[in-house]
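Asker: For reference, the sequence and a predicted model appear below.
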Amino acid sequence: MDKEQVEKAVEALMKHCRGKDSTDLTNSDEKVSVQVVFKKVPTKPKHPLRLALAHPMGSAEPNFCLITKDPQRQYKDLMKSHGITVGRVIGVSKLKKKFKELEAKRILCNSYDCFLVDERILPIIPRWLGKCFYEKGKAPIKVNLKKSDITKEISEAVKSYMVANLGKGNNISIPCGRVSFDNEQLVDNVNAAVKSLCKNVKPGIKNVKSVYLKTENSVALPIYSSLAVGPIKIS
């Protein structure tokens with residue numbers, strides 16, 4: 001994609017959104033997403049994909065919860081030994097026992113910016129978390145806790161987004177920030193999201209028909225078209 005085209009789309013969209021309520025962005029801090037339309041429905045992957053973003057969706061240093069295999073003490077010690085600040089470590093047995101009730105799940109969901117989960121137990125986690133995590137855009141992000149550079153793995157994970165519905169249609173929406181983000185951060189995340197998607201979904205950009213940028217309530221602004229022969233006009 002052309003970076004200048006992305007910059008123009010971000011500038012136009014943010015000018016529109018911020019102009020609606022310039023006095024208080026926190027009350028209208030809409031999610032900004034990049035929508036990718038495929039030429040052909042991509043093959044459904046065996047497992048959800050982790051797409052790398054340049055900046056985290058939440059705060060600059062997200063307060064995250066790590067869900068692990070048992071015993072959880074082993075992974076608490078692992079985080080501590082690498083100097084990684086983690087809000088909470090929950091073993092899978094404690095997750096099943098302590099967070100059965102819907103209210104307990106909701107409280108847990110609202111307590112952290114994001115949730116990381118040991119990729120070895122990822123398939124069984126959705127039914128124990130419940131739909132509130134997915135409705136709030138806090139689907140658990142997989143991590144490989146056996147990586148030699150665990151600090152890098154955690155750092156990259158908290159800036160990632162999990163895609164679980166690939167292969168169910170010819171388009172996909174990837175959150176890449178909020179209206180309160182700097183324009184530069186949004187541009188970085190849009191480019192990173194599309195690059196990561198194309199890297200993980202073959203045959204990459206060759207199967208992408210078009211890419212749009214939008215908020216939850218805005219029109220979709222085009223930032224890429226496989227049919228375009230020149231710059232796309234954004235009015």
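Answerer: Arrived safely.
Asker: quick one: low-confidence parts of the protein?
Answerer: Along the chain, segments meeting pLDDT under 70 span 20-27, 228-235.
Asker: all strands of it, in order?
Answerer: Counting by DSSP state E, one finds strands in the chain at the ranges 31-38, 49-52, 64-68, 88-91, 114-118, 141-143, 160-163, 171-178, 208-215, 221-225.
Asker: quick check: angle from the fifth one to strand 64-68?
Answerer: Comparing the axes of strand 114-118 and strand 64-68 via axes from the mean of the first three to the mean of the last three Cα atoms, to 10 degrees yields an angle of 20 degrees.
Asker: Return the list of strands paired to strand 114-118, each annotated with direction.
Answerer: strand 64-68 (parallel), strand 141-143 (parallel) (DSSP bridges).
Asker: Point out the most buried one among those strands.
Answerer: strand 64-68 (a mean of 24; mean count of other Cβ atoms under 10 Å). No exception for glycine: its C-beta is placed from N, CA and C like everyone else's.
Asker: Report the beta-bridge partners for residue 115.
Answerer: Applying DSSP bridges, one finds that residue 115 bridges with residue 65.
Asker: how about the strands of the chain in a markdown table, adding distance to residue 153?
Answerer: Converted to a markdown table, the strands of the chain look like this (distance: least, Cβ to Cβ, whole Å):
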| stretch | distance to residue 153 |
| --- | --- |
| strand 31-38 | 24 |
| strand 49-52 | 11 |
| strand 64-68 | 11 |
| strand 88-91 | 15 |
| strand 114-118 | 9 |
| strand 141-143 | 6 |
| strand 160-163 | 10 |
| strand 171-178 | 21 |
| strand 208-215 | 28 |
| strand 221-225 | 30 |
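Asker: Nearest to residue 3, out of these?
Answerer: strand 221-225 (9.9 Å; Cβ to Cβ).
Asker: ok, residue 154 - contacts?
Answerer: 79, 84, 116, 143 (Cβ atoms under 8 Å, 6 or more residues apart in numbering).
Asker: Name only those of these that count as buried.
Answerer: 79, 116, 143 (16 or more other Cβ atoms under 10 Å).
Asker: In contact with the residue sitting nearest the centre point of the chain: list those residues for me.
Answerer: Nearest to the geometric centre of the chain sits residue 161, at 2.3 Å (Cα atoms, centre = their mean). Residue 161 sits next to 50-51, 53, 57, 141, 174-175, 193 when contact means Cβ under 8 Å, 6+ apart.
Asker: give me the beta-bridge partners of it?
Answerer: With DSSP bridges as the rule, residue 161 is bridged to residue 51.
Asker: Using CSV, write out the CA atom coordinates for stretch 165-176.
Answerer: Output of stretch 165-176 as CSV, limited to C-alpha atoms (Å, rounded to 0.1, in the frame of the first residue of the first chain):
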residue,chain,number,x,y,z
ASN,A,165,-13.0,-15.4,11.8
LEU,A,166,-10.8,-15.6,8.7
GLY,A,167,-12.1,-17.8,6.0
LYS,A,168,-15.8,-17.2,6.8
GLY,A,169,-16.3,-14.4,4.2
ASN,A,170,-14.5,-12.2,1.7
ASN,A,171,-13.7,-9.4,4.1
ILE,A,172,-12.3,-8.8,7.5
SER,A,173,-12.1,-5.9,9.9
ILE,A,174,-9.0,-5.3,12.1
PRO,A,175,-9.0,-2.7,14.9
CYS,A,176,-6.0,-0.5,14.6
